[in-house]
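*Asks:* Got a predicted structure plus its sequence, pasted below:
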Amino acid sequence: MASRRVNQDLPVIARFEVRHRNYVSPDGSITRPLPASASDANLLIALYRAMVLLRLFDKKAVALQRTGRLGTYAVSLGQEAVSVGIASAMREEDVLLPSYRDNGALLWRGVKLEEILLFWGGDERGNRFSGPPHDFPFCVPVGSQAPHAAGVAYALKLRKEPRVAVCLFGDGATSKGDVYEAMNFAGVHKLPVVFVVTNNQWAISVPLRLQTGCETLAQKAIAAGFTGEQVDGSDVVAMRAAAEEAIRAARDGKGPRFIEAVTYRLGDHTTSDDAARYRPAEEVQAHWKKEPIARLRAYLVAQKMWSKADEEQLAAECHERVEVAAERYLATVPRLPETMFDHLYAELPEVYAAQRREVAGGHDA
Amino acid sequence: MPEATLVEAINLALARAMEDDPDVVVLGEDVGVNGGVFRATAGLQKRFGPERVLDTPLAELLISGLCVGMAAQGMKPVGEIQFMGFIYPCLDQLVNHASRLRNRTQGRLTCPMVLRTPHGAGIRAPEHHSESTEAMLAHIPGLRVVMPSSPERAYGLLLAAVRDPDPVVFLEPTRLYRAAKGEVEDNGEALPLDTAFVLREGRDLTLISWGAMLKETMAAAEALSAEGIAAEVIDLATLKPYDEDTVLGSVAKTGRCVIVHEAARTGGFGAEIAATIAERRLSSLLAPVTRVTGYDTVVPMARLEQYYMPSLGRIMTAARRVCQFS
């Protein structure tokens, strides 16, 4: 470009770079020296088990939805490594702020399968879950939880607590001001927060190239004044290592980090969506070759850390857990109608009490 | 008792709340060194430090979202939106998060935050600085909406708002910031958040208003008394929830009601009050419930704003009409 040539004599005052992290290739072979966490066989197997459980759970949830026993549901198919890898690097006292597709993170942190079903089955009690009581519930309005993460992190810093806020959202969310405003503030105050974008290439039917003109989403952190890293989001070893480093840095007072997890949504956006309407089958097929579970299994098998018998036993265990959870969910009696007024305020103002009584009366009649 | 303006009373309440509770944090644009564009936070940063009185980046959505995050961690954030015309980016946070966090987590997480903002026209401010869209906020379940009309009530209601375990939008009548003066004792005593204030008793007519319009409404009551009409004046003070009992009790006594608000008429909060009276006290009414409001147009800029806001004359005309109705 002419203008660039003309301006070549102007000094460069800043340069930035974005790094990409990957350890395990789609066929299970190693691309670079493994991080320390990968030498922990128990951890790798735990990550594997969590991803397998999540995939089987998703399958059951979709089956429940298709038979009219669950509401709209968003599967994690193909991107299990992101939520599981991130959550595995968090401490109990850290604060999770998930989007609606981050079941893997909730499960890792102790939320019960039946509680997740309860939420997607239309019952607020699913958000009063068994995970850490300070964790946020699923966030449906895209990206709107990012400012909360900054607020949480500000509170943690103010109180000098060595805890970290971890905020998950999708590639579509990076187009919203919410996310940038939150990152900008986190950068100003060097807050203990890690932002993670699950870049699964599609925001329902809108592809990434229509979300951004940037080469990477990771570089958006640069404008907010902190480091952004791109990670192979289908490589759970890489996700775990990146999360560990970012969370440690945040905990040590080094400020926020941003992780772009590049992966792929192999499933529909939700059970209400038909992805075949907007993306070619060949693209999906190509990404099936890179998916995270087969990838880690290939590595574990090659390392003789996992056998066919292990696989069969795990499948049976997961099946049992999912079936039991589904039964518990289906056996949960709905709340009384008038409880829609409960927890509206700490104490329901008298002026609304009549409405509560009206609902209660209708129910009793 | 020392005398204070309304904005000084806000400042006293904020200082008292911060003194009493280390979890109270004040945040917003220019609230720190500058003490806020109206000086509502003057001196607070010097006294409580830049961590508890922080100047945020210029991003209103962020301010409200930060409050939600802090509040969910058990802090008591008090965010300031510089003018009501800039509160709209916060609506997503107020509707989708602040107002429902407690309910959607069934009490697991709560949102004890306050969002303060100047309300209303009449100070010859630039465009977008004269909004009175309180009815939009009062429509949101789970929120509290409060608007004082005197220094004393500003002090007591703001203390109550900060101490309340749920989210409160606190609307401050810009026009009265310095015009309203009164005795304020900095005694740490809060006022209730669900009770209207009867500012003047009367048997002939009930005048209901809130915020800055109480000034003209009280003047109207005074002028009406010279005509032999004894008007009762109610400062609603809390719009959500609002004190139906006081309103209905007064209307049962007087049988006549004029509601005065600066906001545009259609869908304004006056409609809510009129509907409640019609539903519950129709048989008490001697005349139609009447509204004196801003017009259903964009709030005009400085040169025309005086024609938009309800005037003493318009209130008097409505009151006489209601009293002569038979």
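*Replies:* Ah, there it is.

*Asks:* what does the stretch 251-365 of chain A have sitting close to chain B?
*Replies:* By Cβ under 8 Å from any Cβ of the partner chain, the residues of the stretch 251-365 of chain A that approach chain B are A:342-346, A:349-352. Quick note: C-beta positions are derived from backbone N, CA and C, even for glycine.

*Asks:* Type out the PyMOL command that picks the buried ones from these.
*Replies:* The buried residues among those can be selected in PyMOL (16 or more other Cβ atoms under 10 Å in any protein chain shown) with this line:
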select buried, chain A and resi 342+343+344+345+349
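
*Asks:* how about the residues of the stretch 251-365 of chain A next to chain B in a markdown table, adding pLDDT and secondary structure?
*Replies:* Output for these, formatted as a markdown table (pLDDT from 0 to 100; DSSP: H, G, I helix; E, B strand; the rest coil):
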| residue | pLDDT | secondary structure |
| --- | --- | --- |
| A:Asp342 | 96 | coil |
| A:His343 | 97 | coil |
| A:Leu344 | 98 | coil |
| A:Tyr345 | 98 | coil |
| A:Ala346 | 98 | coil |
| A:Pro349 | 96 | coil |
| A:Glu350 | 92 | helix |
| A:Val351 | 92 | helix |
| A:Tyr352 | 95 | helix |
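
*Asks:* Count the residues that sit near the nearest residue to A:Glu92 once chain neighbours are set aside.
*Replies:* Distances taken as Cβ to Cβ, 6 or more residues apart in numbering or on different chains place A:Pro132 nearest to A:Glu92, at 5.7 Å, with adjacent residues excluded. Neighbour count for A:Pro132, taken as other Cβ atoms under 10 Å in any protein chain shown: 16.

*Asks:* Hmm, A:Leu97 and A:Pro132 touching each other?
*Replies:* No. With contact taken as Cβ atoms under 8 Å, A:Pro132 and A:Leu97 are classed as non-touching, separated by 11.8 Å.

*Asks:* Quick check: the gap between the residue nearest to A:Glu92 and chain B.
*Replies:* Applying Cβ to the nearest Cβ, to the nearest Å, the value for A:Pro132 to chain B is 10 Å.

*Asks:* dump the residue contacts of that residue.
*Replies:* Counting by Cβ atoms under 8 Å, 6 or more residues apart in numbering or on different chains, A:Pro132 touches A:92-96, A:109-110.

*Asks:* Which one of these is nearest to chain B?
*Replies:* For the contacts of A:Pro132, the closest approach to chain B (Cβ to the nearest Cβ) belongs to A:Val95, at 7.7 Å.

*Asks:* got the buried residues for the longest helix along chain B?
*Replies:* The residue-count maximum for a helix in chain B (DSSP state H) belongs to helix B:6-20. Counting neighbours by 16+ other Cβ under 10 Å, one finds that the buried residues in helix B:6-20 are B:6-18.

*Asks:* thinking B:Ile123 is in contact with B:Thr174, fair?
*Replies:* Yes. If you go by Cβ under 8 Å, B:Ile123 and B:Thr174 touch, sitting 5.5 Å apart.

*Asks:* Common neighbours of those two, please.
*Replies:* B:Ser130.

*Asks:* thinking again about what came up before, next, format the buried residues of helix B:6-20 as JSON lines and append pLDDT.
*Replies:* Listed next are these as JSON lines, based on pLDDT from 0 to 100:
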{"residue": "B:Leu6", "pLDDT": "98"}
{"residue": "B:Val7", "pLDDT": "98"}
{"residue": "B:Glu8", "pLDDT": "98"}
{"residue": "B:Ala9", "pLDDT": "98"}
{"residue": "B:Ile10", "pLDDT": "98"}
{"residue": "B:Asn11", "pLDDT": "98"}
{"residue": "B:Leu12", "pLDDT": "98"}
{"residue": "B:Ala13", "pLDDT": "98"}
{"residue": "B:Leu14", "pLDDT": "98"}
{"residue": "B:Ala15", "pLDDT": "98"}
{"residue": "B:Arg16", "pLDDT": "98"}
{"residue": "B:Ala17", "pLDDT": "98"}
{"residue": "B:Met18", "pLDDT": "98"}
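
*Asks:* Include distance to B:Ala220 when you put the residues you listed into TSV, please.
*Replies:* Putting these into TSV (distance: Cβ to Cβ, whole Å) gives the following:
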residue	distance to B:Ala220
B:Leu6	20
B:Val7	25
B:Glu8	27
B:Ala9	25
B:Ile10	26
B:Asn11	30
B:Leu12	30
B:Ala13	29
B:Leu14	32
B:Ala15	35
B:Arg16	34
B:Ala17	35
B:Met18	38
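
*Asks:* biggest separation within those residues, which pair?
*Replies:* By the measure Cβ to Cβ, B:Leu6 and B:Met18 form the most distant pair in the buried residues of helix B:6-20, at 19.0 Å.

*Asks:* I figured B:Gly43 hits B:Leu14, correct?
*Replies:* No. The criterion here is Cβ under 8 Å, and B:Gly43 misses it with B:Leu14 at 9.8 Å.

*Asks:* how about the residue nearest to B:Asp21 when sequence neighbours are not counted, what does it touch?
*Replies:* Nearest residue to B:Asp21, sequence neighbours excluded (Cβ to Cβ, 6+ apart): B:Lys76, at 6.2 Å. Counting by Cβ under 8 Å, 6+ apart, B:Lys76 touches B:17, B:21, B:23-25, B:112-114, B:162-163.

*Asks:* Inside helices: which ones of those?
*Replies:* B:17, B:162-163.

*Asks:* Let me know whether A:His20 touches A:Asp235 as I believe.
*Replies:* No. At 10.9 Å, A:His20 does not count as touching A:Asp235 under the criterion of Cβ under 8 Å.

*Asks:* If B:Thr5 is in a bridge, with which residues?
*Replies:* Beta-bridge partners recorded for B:Thr5 (DSSP bridges): B:Lys181.

*Asks:* Tell me where chain A has strands.
*Replies:* A:19-21, A:95-97, A:165-170, A:193-199, A:202-203, A:206-207, A:227-232, A:257-262 (DSSP state E).

*Asks:* How much space separates A:Gly233 from A:Ile259?
*Replies:* 9 Å (Cβ to Cβ, to the nearest Å).

*Asks:* nope, B:Asp186 is what I meant
*Replies:* Taken as Cβ to Cβ, the span from B:Asp186 to A:Ile259 is 49 Å.

*Asks:* These two: which has the busier surroundings?
*Replies:* Ranked by neighbour count (other Cβ under 10 Å), B:Asp186 and A:Ile259 place A:Ile259 first, with 32 against 16.

*Asks:* Spit out the contact partners of that one.
*Replies:* Neighbours of A:Ile259 in contact, by Cβ under 8 Å, 6+ apart: A:86, A:194-197, A:218, A:228-229, A:231, A:242-243, A:246.

*Asks:* A:Ser76 too?
*Replies:* A:54-55, A:58, A:83, A:101-104, A:267.

*Asks:* do the same with A:Pro26
*Replies:* A:Pro26 touches A:234, A:289-290, A:294-295, counting by Cβ under 8 Å, 6+ apart.
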